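Q: What follows is a protein structure lacking sequence information:
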């Protein structure tokens, strides 16, 4: 991991703890954290941990999460955020036994959707790539860091100051930690 890149990033909701290793950053999520909006039911969670930089231009973000202690409803992935009512997150969520669920959630004007994409067993690392071209975003995932699969495309109109980066949360009562070992943002 290029630690000079980290200087461009800030935290939204500081995590429980962050430990720097030789080539990575281990992030400990506080329990009962998430990003979710459902105004009809009065459910509003905006206390997950988001490590982000700002961009006004087209970009490509690449990151890798190593999953340390997968627990049910623990999440890590990538996030594109305008504010608490407009964002997209995509990542993996811990399931039963050793499985993780690939998912995405787009929130527009305070209403979140949920799309389950695929279940994986035995996965302990995953890469995400986000490409922004004007107001269009494409999210990819990879299990090996070489072959990326497109799994989410969406549109956020007329937002210039976009926050993009890595996020982690633990919806349950358990502590969750994951290791961020690659992080780069480049102009497209």
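A: Cool, got the structure. Just so you know, these numbers come straight off a predicted model, no measurement behind them. Numbers count the residues shown, from 1 in each chain.
Q: Ignoring the adjacent residues along the chain, who's closest to residue 17?
A: Nearest in space to residue 17, with sequence neighbours left out and distances taken as Cβ to Cβ, 6 or more residues apart in numbering, is residue 28 at 4.1 Å. Quick note: C-beta positions are derived from backbone N, CA and C, even for glycine.
Q: So what touches the one helix or strand that neighbour maps to?
A: Taking DSSP states H and E as the criterion, the element that holds residue 28 is strand 25-29. Contacts of strand 25-29 from elsewhere in the structure, counted by Cβ atoms under 8 Å, 6 or more residues apart in numbering, are 1, 6, 15-20, 48-49, 51, 68, 74, 76, 166, 168-170, 175-181.
Q: Selection in PyMOL covering whichever of the residues you listed are buried, please.
A: Typed into PyMOL, the next command selects the buried ones out of those (criterion: 16 or more other Cβ atoms under 10 Å):
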select buried, resi 1+15+16+48+49+51+74+76+166+168+169+170+176+177+178+179+180+181
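Q: can you tell me which of the contacts of strand 25-29 are in strands?
A: Where the contacts of strand 25-29 overlap with strands, as defined by DSSP state E, the overlap consists of 17-20, 49, 51, 74, 76, 166, 168-170, 176-181.
Q: So which elements touch the helix or strand of the chain with the lowest mean pLDDT?
A: Across the helices and strands of the chain, mean pLDDT, DSSP states H and E gives its lowest value to helix 3-6, namely a mean of 80. Counting contacts by 3 or more Cβ pairs under 8 Å, 6 or more residues apart in numbering; DSSP states H and E, the secondary-structure elements packed against helix 3-6 are strand 176-187.
Q: State the mean pLDDT of the strand it packs on.
A: Model confidence over strand 176-187, given as mean pLDDT, is 93.
Q: repeat for stretch 37-48
A: Predicted confidence along stretch 37-48 averages 82 (mean pLDDT).
Q: repeat for stretch 143-159
A: Confidence over stretch 143-159, taken as the mean pLDDT, stands at 91.
Q: Stretch 16-25 now?
A: Per-residue pLDDT values across stretch 16-25 average out to 91.
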